[in-house]
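Undergrad: A structural model of the following input is requested.
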Amino acid sequence: MLGLLHLLWENTGLNEWAPYLEGKRKLTTVMNRLYKEASSIKQSRTILADVLLRQGNEHANKKAVNYACAKSRRLIAISELNAWSPTMNVGNNLPLAGTTKSSPPAGMPYLTIDSSRWERSLARFPRDVAWWQRGGKIIAIAVTDVPVKKIAEKSGQEYFSASVRQVVLMMVSEQWIPLDSAYEGIIEEKLAKERREFIKPLIYDSAEDQYHPDFILTDVNGSDFVPLEVWGLDTEDYLQHRTVKEKWYQQEFDDTWWSWDAVRHPRSDEIPTFPQRKKHYESKYPVEKMETKC
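TA: Predicted coordinates for the structure are as follows:
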């Protein structure tokens, strides 16, 4: 499921950022891009877009639910989670944005998930959960059983419900860029504030790969791209992996790569300066300098 989420993000360019996107990447734009890409993905007899539930589109969601019921298909939901709160209570419903104890998000069925499955999902993504609890944005992708139509006992109204079989979480920045750690979030925010152009490589469902930098700068003077690496742990296994990766960087890029040791130098003023931008970027996308008060 994480692989599908990464595929959608990469094919829609949502893992890329540039200054011209400032103020343009909004929820509606993101969800419309995902839906368009889902229209080209087919598994067996099902086109993903036909069974896709997406945040903020009531009409399309109702259409997907009706289709899934008629064709006995499972649903795929992609949405932000509700803002985290220690008192959050949505019953046994998946806490997608807009979910309350008494109602699902617009156009979606009640997406029910048993507590043990939800707890296992949270345990699988501890860094994402920590990001969520600190107020960060989390994207969830969930696959459900075939939705069923039910009748409320008190009101007699019809409603749809679907049991969640699997849910995967992905932490993203305010620019919807996927992140692998809070340290990456610091660097992504700094890159965006300094109006840099960059890519976040995605590794799908694979394990950590030494050939994947954390970010790639694409606006550097005198270079097509420069890899950026955030060293965020100091465990023995991680340090061994780091040694191998540093050797590979030196072999492939010599000294034209950038890194930040977030464990040894965690303060924001200890982050190394990014490689210089191309000159025409400096004039086209100027960065406001902070005034220093005496």
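
Undergrad: how far away from the center of its chain is the longest strand along the chain?
TA: Determined from DSSP state E, the single longest strand within the chain is strand 158-172. Offset of strand 158-172 from its chain centre (C-alpha atoms, centre = their mean, to the nearest Å): 16 Å.

Undergrad: same deal with stretch 103-119?
TA: The answer for stretch 103-119 is 20 Å, by C-alpha atoms, centre = their mean.

Undergrad: what's the answer for stretch 128-144, then?
TA: Distance, stretch centre to chain centre, for stretch 128-144: 8 Å (C-alpha atoms, centre = their mean).

Undergrad: list the buried residues in that stretch.
TA: For stretch 128-144, burial by neighbour count (16 or more other C-beta atoms under 10 Å) applies to 128-129, 131-132, 136-144. No exception for glycine: its C-beta is placed from N, CA and C like everyone else's.

Undergrad: what do you get for stretch 14-21?
TA: 14, 15, 16, 17, 18, 19.

Undergrad: okay, these in JSON lines with pLDDT and secondary structure next?
TA: Shown next, in JSON lines, are these (pLDDT from 0 to 100; DSSP: H, G, I helix; E, B strand; the rest coil):
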{"residue": "14", "pLDDT": "98", "secondary structure": "coil"}
{"residue": "15", "pLDDT": "98", "secondary structure": "coil"}
{"residue": "16", "pLDDT": "98", "secondary structure": "strand"}
{"residue": "17", "pLDDT": "98", "secondary structure": "strand"}
{"residue": "18", "pLDDT": "98", "secondary structure": "coil"}
{"residue": "19", "pLDDT": "97", "secondary structure": "helix"}
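
Undergrad: and which of those is nearest to residue 277?
TA: Among these, residue 19 lies closest to residue 277 (C-beta to C-beta), at 10.0 Å.

Undergrad: hmm, that closest one is touching residue 193, no?
TA: No - contact criterion C-beta atoms under 8 Å: residue 19 and residue 193 do not qualify, at 10.6 Å.

Undergrad: look up how far residue 76 lies from the closest residue to residue 1 other than its chain neighbours.
TA: What sits nearest to residue 1 in space, not counting adjacent residues and going by C-beta to C-beta, 6 or more residues apart in numbering, is residue 168, at 4.1 Å. Distance of residue 168 to residue 76, computed by C-beta to C-beta, to the nearest Å: 11 Å.

Undergrad: overlap in contacts, these two.
TA: 141, 142 (C-beta atoms under 8 Å, 6 or more residues apart in numbering).

Undergrad: these two: who's more crowded?
TA: When neighbours are counted by other C-beta atoms under 10 Å, residue 76 comes out ahead of the other of residue 168 and residue 76, with 23 against 19.

Undergrad: pull the CA atoms of the strand or helix carrying residue 60 into PDB?
TA: According to DSSP states H and E, residue 60 maps onto helix 58-71. Presented in PDB, the C-alpha positions along helix 58-71 are these (Å, rounded to 0.1, in the frame of the first residue of the first chain):
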ATOM      1  CA  GLU A  58     -18.600  14.300  -1.900                       C
ATOM      2  CA  HIS A  59     -20.100  13.600  -5.300                       C
ATOM      3  CA  ALA A  60     -17.100  11.500  -6.500                       C
ATOM      4  CA  ASN A  61     -17.100   9.600  -3.300                       C
ATOM      5  CA  LYS A  62     -20.800   8.700  -3.500                       C
ATOM      6  CA  LYS A  63     -20.300   7.500  -7.000                       C
ATOM      7  CA  ALA A  64     -17.400   5.300  -6.000                       C
ATOM      8  CA  VAL A  65     -19.400   3.800  -3.200                       C
ATOM      9  CA  ASN A  66     -22.300   3.000  -5.400                       C
ATOM     10  CA  TYR A  67     -20.000   1.500  -8.000                       C
ATOM     11  CA  ALA A  68     -18.300  -0.700  -5.400                       C
ATOM     12  CA  CYS A  69     -21.600  -1.900  -4.100                       C
ATOM     13  CA  ALA A  70     -23.000  -2.700  -7.500                       C
ATOM     14  CA  LYS A  71     -19.800  -4.500  -8.700                       C
END
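
Undergrad: buried set for the longest strand of the chain?
TA: Neighbour-count burial for strand 158-172 [16+ other C-beta under 10 Å]: 160, 161, 162, 163, 164, 167, 168, 169, 170, 171, 172.
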